[in-house]
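*Asks:* only geometry, no sequence info:
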DNA sequence: TAGTCTTTGGAAACCGGTGTCATAAATGGT
DNA sequence: ACCATTTATGACACCGGTTTCCAAAGACTA
C-alpha cells in the first residue's frame, strides 16, 4: 500500500483523499467525526486511513485551527516530589486526549521571571498553563496568560480570585487539626517552623497554627516561631534553634515535610528521641515522611486529585462545573507524635 | 503601533513585511540570520520587529520546516527524584534554545507499551526522544524512533549499542568501590539487595558486587542475596529477610537508596543500631540518602551532567563529539558505615 | 561602455491541515 | 411529479511560515 504514496514519509490527508477518491475536506470531516458524512463514504475512507496508518499532522492542525494541544506546567517548587506527583496526576487526564504536557521550571526570584515566562508563552504558544505554588500567587503571571490569550489554572492554598481559574486546598483547617492532635496528646508548648515569606501556603499554615493555638487558649511564645525555606537544611537550622531554647518546646509543627525531617535530624544530633522527647508533625505527606525514622505524622493534601481537577478544567471546560475545585487536607497519623514526657 | 496591524492577534511575518516595506522572504532571511541581507534593510526590519514584538509562530515554522522543536522525555522510573533531576538537567540545556520538553511517563509492563509510545510519537512527532532506564534497555523503543524518523538518546548503565545514541554510567565499578570500602572497614559478611529483574542497572550492580567480592576472595552465601523492586517497601522486606538470617550479615549493600532506606527501617524495627550493628550503603544519592538518620553512605552518579550531555547530543549534534558520554559514579561517604562489632 | 558576476528582493508554490460557501444528491410534503 | 428542504460533497482560500526560482541592482572586469 505504501507504494501508492508519493513519498516515503508519513502519509498526509492528500494521500488519503486521493486513494479513497474523495476530497480532502471529506477526509477532514471524517477525522473530526463530523456527522455529515454518509456511512459508505466514511467506511471507505476509514479503511484507507487504517491501511495507510495515517495520523493527522499536529503542526498543520495547530496552524489551521490557530491553537495547539500543548499544556505548559510552570513551577518553581523546592519540593521535587510534589512536582512529580502533580505531573503524574495531570498526565492521567491528558493521556487519553491529544494534549501533551510541556514542563517549564522557572526561577521565581529572577528579575527576568516575567520576561522568561513571556518568552516561553510566545515561543510555544501553549493552549493552557498550569501554575503551581508559589508561582500561582503571582498575579502578574496570570495576567500575562490573559494578555497572550492562554488559558490557565492556578493551584493555590487559598482564594486568589475566581473559581474558574483555581484549584485550591484548605491548609488552614488541616493545620488546625494537627494542632488539635498535639493538644489532645497533652502538648502545651508547641514550636512552629513557618515556610518562606511569599508563599501563600506558608501564610495559610502559619495563620492556621495561630488560630488553632488561640482556640485552645494557648500562648505562642515569641521564641517558638522560626522561619525556614521549605528545604531540609533550613528545617535543620530552624529546628535546631527551637530545640536550643530553654525550656524547649515539647512538640514542633513544621510547614512541610522536608523541614520536619530537618528538625528531626536536629533532634537526633541533640540525642533527643522522637517521639519520646519531642513530637513532630510535618506537612505534604511526601515520600520522606514515611521513609524516615520514626515514620512521621503529617498532613496530606490530595495532590493527585487536585492535579486531575486542574487538568480537567483546562482541557474539558464543559466538565469544569462538575469538577471539584476545593479540596480538604487530612492528617496522616504515624509514629512521630506521643504525649510529652513528665 | 499595534493599530497598524490588521487584527488584534499576534503580529505575523506579513505584518512585519508590510510595515517595513519588504517582502516576507526578506523578513524570513533576517529572522534566520541569513547573511544575504543589506545592513540598512536588516536594521529597518529589526526595528519593526522590535516595535511589534513579533515572534514567529512555532506551528507554522514547524509545518514549513517539516520538523518541530519538541523533545520527548520517556520514562517509567520508580524513583521520582531521579526523574526530576534528569528533567532539570535537560532543561538547563534546552533553556536557551527554542526546544521545549514534553514529558511522557509510560508503563513498561503494559502490553500496550509499544502502541502507547507509537501513538505518542505519531501524535506529537517530537524532534527527538530522551529515554530513561529501564525503558532505555528496550531495543524495540529505539527501533520505533528510527522507524518514525525521530532522533533519540538513551540513558544507560552499560553499553547498549552505538555511542551516538547513548549516555552511560559505569555502575559496576562504583559498586566495586563500595564493596572495597566495606571490606576496608573489616566487613566480610555482606548482604546484597538487588534491583528488579529487567533493569540493566540492577544487573550491572549485581555483577559489580559479585566481581568485587570475588576480588577480595569473599564468599557470597546463598542466603545473602535478596531481590527488591527499587521501592522502599521492597527494601523493607528484603532487608528484613537478610537481618533475620542466623548469623546475620554485618553490612548490606542495596542497589538503590529507596531500598537502602527500607533496609534501614527493617534494622530499626529489630532494634539494630546503624552503623554500630549494621552498615548500609545505598545507590543513587537521592535526597532521601542525606535526609534519613543516620545520613547514608551511597553512590552518586552524575545525573545532572548526564542529562545535559544527553540533551546536548540531541539538540546540538555538532557538539556531540565533544560531549562526554561515559560517566563515572563516585562514593558519597556519610555515616551509615562503621567497622562491624567485635 | 558593454558584459559578467555577485548580491539583494520578490512572486509564487508549498507544508498539511481547516473554514467558507456553492453545488449536487437525497428526502419529504402535497 | 414537482418544488422545498435537508444532507452530503467538493473547490478554493487560508493559517504563517520556508523554499525555489527568477529578476533587478550594483560591482567588477575587459
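*Replies:* It's in. Please read all numbers here as calculations on a predicted model, not as lab measurements. Numbers count the residues shown, from 1 in each chain, chains lettered A, B, ... in the order given.

*Asks:* contacts only, for the residue nearest in space to the middle of chain A.
*Replies:* Centroid check for chain A by Cα atoms, centre = their mean gives residue A:86 as the closest residue, at 4.2 Å. Counting by Cβ atoms under 8 Å, 6 or more residues apart in numbering or on different chains, residue A:86 makes contact with A:73, A:75, A:130, A:132, A:155, A:303, A:306, A:307. Where you see a C-beta, it was placed from the backbone N, CA and C, and this is true even at glycine.

*Asks:* and the helix or strand it falls within with helix B:80-94, angle?
*Replies:* Using DSSP states H and E, residue A:86 maps to helix A:80-94. Interaxial angle, helix A:80-94 versus helix B:80-94 (axes from the mean of the first three to the mean of the last three Cα atoms, to 10 degrees): 80 degrees.

*Asks:* buried residues in helix A:80-94?
*Replies:* A:80-91, A:93-94 (16 or more other Cβ atoms under 10 Å in any protein chain shown).

*Asks:* now stretch A:215-231
*Replies:* Neighbour-count burial for stretch A:215-231 [16+ other Cβ under 10 Å]: A:218, A:224, A:225, A:226, A:227, A:228, A:229, A:230, A:231.

*Asks:* just those: which are in strands?
*Replies:* When DSSP state E is applied, the buried residues of stretch A:215-231 are split such that A:225, A:226, A:227 fall in strands.

*Asks:* can you pull out the helices in the stretch 201-342 of chain A?
*Replies:* For the stretch 201-342 of chain A, the helices defined by DSSP state H, counting those that start in this stretch cover A:232-244, A:257-269, A:287-291, A:303-315.

*Asks:* surely residue A:294 and residue A:278 touch.
*Replies:* No - with contacts counted by Cβ atoms under 8 Å, residue A:294 stays clear of residue A:278, the gap being 11.0 Å.

*Asks:* which one of those two is surrounded by more residues?
*Replies:* Between residue A:294 and residue A:278, residue A:278 has the larger neighbour count (other Cβ atoms under 10 Å in any protein chain shown), namely 28 against 19.

*Asks:* so what's that one up against?
*Replies:* A:243, A:248, A:249, A:250, A:251, A:252, A:267, A:272.

*Asks:* now rank those by neighbours and give me the top one.
*Replies:* Ranking these using other Cβ under 10 Å puts residue A:252 first, with 32 neighbours.

*Asks:* let me see the contact set for that residue.
*Replies:* So residue A:252 contacts A:190, A:191, A:192, A:193, A:239, A:242, A:260, A:263, A:278, A:279, A:280, A:281 (Cβ under 8 Å, 6+ apart).

*Asks:* and the last one, what are its bridge partners?
*Replies:* Put plainly, it is residue A:281. Listed by DSSP bridges, the beta-bridge partners for residue A:281 are residue A:253, residue A:297.

*Asks:* roughly how far apart are it and DNA strand C?
*Replies:* Distance, residue A:281 to DNA strand C, by Cβ to the nearest atom of the strand, to the nearest Å: 53 Å.

*Asks:* the stretch 51-200 of chain A against DNA strand C: which residues are in contact?
*Replies:* A:54, A:56, A:57, A:60, A:61, A:63, A:64, A:65 (Cβ under 7 Å from any atom of the strand).

*Asks:* buried subset of those residues as a ChimeraX selection?
*Replies:* For the buried members of those, the matching ChimeraX selection, counting by 16+ other Cβ under 10 Å, is:
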select /A:54,56,57,61,63
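
*Asks:* what about the residues of the stretch 51-200 of chain A next to DNA strand C, which are in helices?
*Replies:* Members of these lying in helices (criterion: DSSP state H): A:60, A:61, A:63, A:64, A:65.

*Asks:* for the residues you listed, please prepare JSON lines with the additional fields pLDDT.
*Replies:* Shown next, in JSON lines, are those (pLDDT from 0 to 100):
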{"residue": "A:60", "pLDDT": "93"}
{"residue": "A:61", "pLDDT": "93"}
{"residue": "A:63", "pLDDT": "93"}
{"residue": "A:64", "pLDDT": "93"}
{"residue": "A:65", "pLDDT": "92"}
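
*Asks:* within reach of chain B, which of the residues you listed are there?
*Replies:* Applying Cβ under 8 Å from any Cβ of the partner chain, the subset of these adjacent to chain B comprises A:60, A:63.

*Asks:* taking the ones in helices among the residues of the stretch 51-200 of chain A next to DNA strand C together, which two end up most distant?
*Replies:* The most widely separated members of these are A:60 and A:65, with 9.4 Å between them, by Cβ to Cβ.

*Asks:* picking that back up, wait, which of the ones in helices among the residues of the stretch 51-200 of chain A next to DNA strand C is closest to residue B:106?
*Replies:* Closest to residue B:106, out of all of those and judged by Cβ to Cβ, is residue A:61, at 23.6 Å.
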